[in-house]
Structure formats: structure tokens, C-alpha cells
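J.: When you get a sec, could you give me coordinates for this:
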Amino acid sequence: MYKNAVNPAASARLPALVLGLCFLFNFLARGIGDTFMVFLLPLQAEFGWQRSQMTGVYSTLMVISGLSSPLAGLLIERWGPRKLYSVGIAVLACGYFLAAFATKIWHFYLYVGLLGGLGAGAIGMVPATALLSRWFSHRFGAATGIAYAGFGCGSLVMVPLTQALIDASGWRATYRWAGEALLVVLVLSQFIPWRAILVGRADPLSPRLARGAADAKSASAGLRSALGQRRFWLMVQIMFFTAVGMYLVIVQSVAYLVDVGFPPLKAASAFGAAGMLSVVGVSSAGWIADRFGYKLSATASFIGTASGVAMLYSLSFGPSTVLLACYVLLFGLFQGVRGPLIASLSSRLFAGPGQAAIYGVIYACMAIGSGIGALLSGVLYDATGSYSLAFMLSLGCLAIAAAPFWTSDLLRHNRAADQSTLR
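T.: Sure, this is the predicted structure:
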């Protein structure tokens, strides 16, 4: 449980350490999870399982990770970061080590889907938000964006590294090494100065620090209070419909590009380039919000994403390298930008007891939206034989997600510094 004291003489190096740790744990949470993509072919070759059976493992991991986020928000209030991160890394390590000995499809659902999802949720963005809010009161948006960038960097580094290890030593050895490497991270994490990190920076202008940390009972009360407020459900609307709209497109984007006439390697490279650009967009999103405000920043991001979807859809009339490049640039830069914006906004609107748990529920709704969007993408294609309906529905969902920034008095203020005055 958090202590109530604040140390005014905290080392100037601690904020950088906190930011680096949040980036690193997000790097591990998303990077380790996304490696399942490159295990698909070797698993299919050895066991002969259907592709849908195996992709269900990744879907389970995503949903479990999202749904466990509110629990992580409550537990960081009760346990503190040292215990939560230790348990999360241990569960993740156990799941991936055991996966090396799997022989049935349900083993992967248990080890990678369930244990991997629980571990990723425990070390992911929700506890990171709780820590960052204690150290970055004035630049919280920028700090959150940098932490979020760990997701994209984790995928960029871990996926090709895992592929290289599988090519060299096989999938079982790779899973075993992943589990062992995570156990090393667990040991090293015990030397982190968690007590100093927990104290936070003295800042009389920050209400979430002035109130001190809440115990689990207060956190639960804070969450119950948030559930009855319109501002909470507006942020759920933003994140849920953004996720549905994005995953209506993301899941089948490579297959779509191949279908419209691009070579498979070029299609995959375009997807990878968009992922690389997302790191730039996500890491700068918080800084832009701090400087220009949430309304303007969010509006620009939704326009950029919608324009990217429109560029992608226009390729159905004929392959064009120029249009493909425009899609990669627009969709890539704005992919994931809403995450740090809403994390920052949630911290400002729900400062105090239950802050992490509240954001955890919002994050869980986003995960559910991702699963629904991915499922709808396949269902619509099977029903119509075309991607057109999925693209149009995606644009509609993005419009619904953007609406609160323009229709609600809650988000009328433009400057991030003014958010404390919102009702």
C-alpha cells in the first residue's frame, strides 16, 4: 500500500528512472505477447492445428490482458509497485517457460493466453500510469506518450528477434529462453529503488499527490464513484469505438493489400512501416496535448486515422505506390495516439483514490473493443466477400469516438493545464 509521505528531496534522476521503467515494462508486455505471431507457422507445421485455433490464443491474451487491467489498478494501490511488478513478471515467465513443453492447443490457451495475459496486464500501461502521475504533474501527457511508445518498440524488436531464435533453435527452445530471460528480469527488478519511486515528487499543485495514496478500500470507492459519472463513460466511448474502428482495419490489412495486387513482401513491409511510425506518433502525442490541448490534438489524430483508412480503401480501385505510402504515413503516425491522450486525461479528471483502477476499466473496454473489431472484420468479409463494409464501419466508429471532444462541455477546454477545472 502507498505511503502518504512525499519526499521533497527526491533525486533528480528518479523521474527519468520511472519513465524508463514504464517504457521497459510496456516494451516487455506488448513485445512478448506479439511474438506469438511468429510461432503460428512452426506450431501449425508440427501439430497441424487450424489457423483459427491458434489465432484464438492471441485473442485470448489480448482480452485477458485488458480485462485484468482494473485488477492491476486496484492491486497497485494495495500492494505497491514492487510486489505487483514482481508477481506480473513471475506469472509471465512461468507461462512462457511452460509453453516450451506444450503438446495440446489448450496448453497454449492456458500458458500464453491466460498466464501471458495476466502477466502483461500486471506490468502494462495501467500501473505505469499510476507511477507516472506521481512524478510528472506538468508533463504527464508527454511522459505517458513516451511510456506508450514501449508498446510499438517492443513489437519492433521482439518479433524479429524471436523469429531469428526460432529459425536458429526451434520454437520450444525459444519459449524456454523467453521464460528464463523473464526470470532474470524478475531478479534484476528487485534492485530497483521502489521505495523512493513510491514516494513521488513533492508538488503542491498536483491534487493527486497532495491527497496522498489511497488504500484498496478507497480505490474501490473511487472506482464506484467514477462509474456513476458521465465523464468516465465519455472516455469509455472514445477508447471503445476507437479500438473497434482500428481493428476492423488492422487485422486484415496485409491480406487486403495482397488481394488488391501488391506482392506479399511489400504488403507486410507496409504494415511494418506503419508500426514503426506509430512509435513516433505515440511518443509525441502527450507533448502535443500538453502544448495544444486535448480537443485539437484528438481531432487531428482522428482526421489522420480516417484519412489513412480512406487511402487504404481507395487502393481497392487499383494498386498505387503513392496511395500506399500515404496510407502508411497517415495511419501509422496516428495509430495508438488516443491511448496516451486518454491516459493523461483520465489522470487529470480522476485524480486521487482509485485513479489507476479507473483507467484500468477504461483500458479493459478498449481491449474488448479491439476483440470485437477484429471479429467483425472477419465476419463481414466472410458474409460479403469484400472489405468495403469493414472500412465504412471503421470510419463510422472513428466518428463516434471523436464526437465527445466536440459535443460535450466536459472537453470544451483546450489546454491540458486547464483540465483540473472541468466538471
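
J.: Could you list the residues in contact with stretch 317-328?
T.: 257, 260-262, 270, 273-274, 277, 307-308, 311-312, 314-315 (Cβ atoms under 8 Å, 6 or more residues apart in numbering). All C-beta spots, glycine's among them, are computed from the backbone N, C-alpha and C.

J.: Could you rerun that using 7 Å?
T.: 260-262, 270, 273-274, 277, 308, 311-312, 314-315 (Cβ atoms under 7 Å, 6 or more residues apart in numbering).

J.: what comes up buried for it?
T.: For stretch 317-328, burial by neighbour count (16 or more other Cβ atoms under 10 Å) applies to 320, 323-324, 326-328.

J.: Distance from the chain centre to it, please.
T.: Distance, stretch centre to chain centre, for stretch 317-328: 27 Å (Cα atoms, centre = their mean, to the nearest Å).

J.: Please export the C-alpha coordinates of it as PDB.
T.: Taking C-alpha atoms only, stretch 317-328 is exported to PDB below (Å, rounded to 0.1, in the frame of the first residue of the first chain):
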ATOM      1  CA  PHE A 317      -9.700   0.600 -57.300                       C
ATOM      2  CA  GLY A 318      -6.200  -0.300 -58.300                       C
ATOM      3  CA  PRO A 319      -2.700  -0.600 -56.600                       C
ATOM      4  CA  SER A 320      -0.800   2.600 -56.300                       C
ATOM      5  CA  THR A 321       2.500   3.000 -54.500                       C
ATOM      6  CA  VAL A 322       1.700   6.700 -53.800                       C
ATOM      7  CA  LEU A 323      -1.600   5.900 -52.100                       C
ATOM      8  CA  LEU A 324       0.100   3.100 -50.200                       C
ATOM      9  CA  ALA A 325       2.700   5.500 -48.900                       C
ATOM     10  CA  CYS A 326       0.000   8.000 -47.900                       C
ATOM     11  CA  TYR A 327      -1.800   5.200 -46.000                       C
ATOM     12  CA  VAL A 328       1.400   4.100 -44.200                       C
END
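
J.: quick one on the thing from earlier: show only the entries of the buried residues of stretch 317-328 found in helices.
T.: If you go by DSSP state H, the buried residues of stretch 317-328 have 323-324, 326-328 in helices.

J.: where's Gly116 relative to Leu315, distance?
T.: According to Cβ to Cβ, to the nearest Å, Gly116 and Leu315 sit 34 Å apart.

J.: And the two? Which one has more around it.
T.: Neighbour count, other Cβ atoms under 10 Å: between Gly116 and Leu315, Gly116 has more, with 30 against 19.

J.: so the more buried one sits in a strand?
T.: No. Looking at Gly116 with DSSP: H, G, I helix; E, B strand; the rest coil, it is helix, so not inside a strand.

J.: these two touch, right, it and Cys94?
T.: No. Between Gly116 and Cys94 there is no contact under Cβ atoms under 7 Å: 9.6 Å.

J.: Below-threshold pLDDT in the stretch 151-300 of the chain: ranges please.
T.: Scanning the stretch 151-300 of the chain for pLDDT under 70 picks out the ranges 200-220, 251-252, 254, 264-265, 268-269, 271-272, 286.

J.: same thing but 50
T.: For the stretch 151-300 of the chain, the stretches flagged by pLDDT under 50 are 202-214.

J.: Could I get the full set of helices for it?
T.: Here the stretch 151-300 of the chain has its helices, by DSSP state H, counting those that start in this stretch, at 171-189, 194-199, 207-210, 216-227, 230-250, 253-259, 264-292, 294-314.

J.: still on that earlier bit, quick one: which of the buried residues of stretch 317-328 is nearest Val379?
T.: Ranked by distance to Val379 (Cβ to Cβ), those are led by Tyr327 at 23.5 Å.

J.: How is the chain divided into domains?
T.: Here the domain assignment for the chain is 14-189, 216-408, based on automatic domain parsing.

J.: Next up, phi/psi of Gly336, please.
T.: phi 90, psi 0 (degrees, to the nearest 10).

J.: Looks like it contacts Ser278 (just checking).
T.: Yes. If you go by Cβ under 7 Å, Gly336 and Ser278 touch, sitting 5.1 Å apart.

J.: any shared contact partners between those two?
T.: Common contact partners of Gly336 and Ser278 (Cβ under 7 Å, 6+ apart): Gly152.

J.: Okay, buried residues for the helix or strand hosting Gly360 please.
T.: Using DSSP states H and E, Gly360 sits within helix 355-384. Judged by neighbour count using 16+ other Cβ under 10 Å, the buried positions of helix 355-384 are 355-374, 376-377, 380-381.

J.: Who are the contact partners of Val18?
T.: Contacts of Val18 (Cβ under 7 Å, 6+ apart): 131-132, 135, 197.

J.: Go again with 6 Å.
T.: 131, 135, 197 (Cβ atoms under 6 Å, 6 or more residues apart in numbering).

J.: Out of these, which end up buried?
T.: Among these, those scoring as buried are 131, 135, 197 (criterion: 16+ other Cβ under 10 Å).

J.: Tabulate these (a markdown table), appending distance to Leu395.
T.: Shown next, in a markdown table, are the buried ones among the contacts of Val18 (distance: Cβ to Cβ, whole Å):
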| residue | distance to Leu395 |
| --- | --- |
| Leu131 | 36 |
| Trp135 | 38 |
| Ile197 | 42 |
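
J.: Go through those residues and name the one nearest Ala147.
T.: Using Cβ to Cβ, these come closest to Ala147 at Leu131, 8.9 Å.

J.: what's the pLDDT at that closest one?
T.: Looking at Leu131, its pLDDT reads 87.

J.: Check the gap between it and Thr144 for me.
T.: Distance, Leu131 to Thr144, by Cβ to Cβ: 11 Å.

J.: repeat for Thr103
T.: Separation of Thr103 from Thr144 (Cβ to Cβ): 42 Å.
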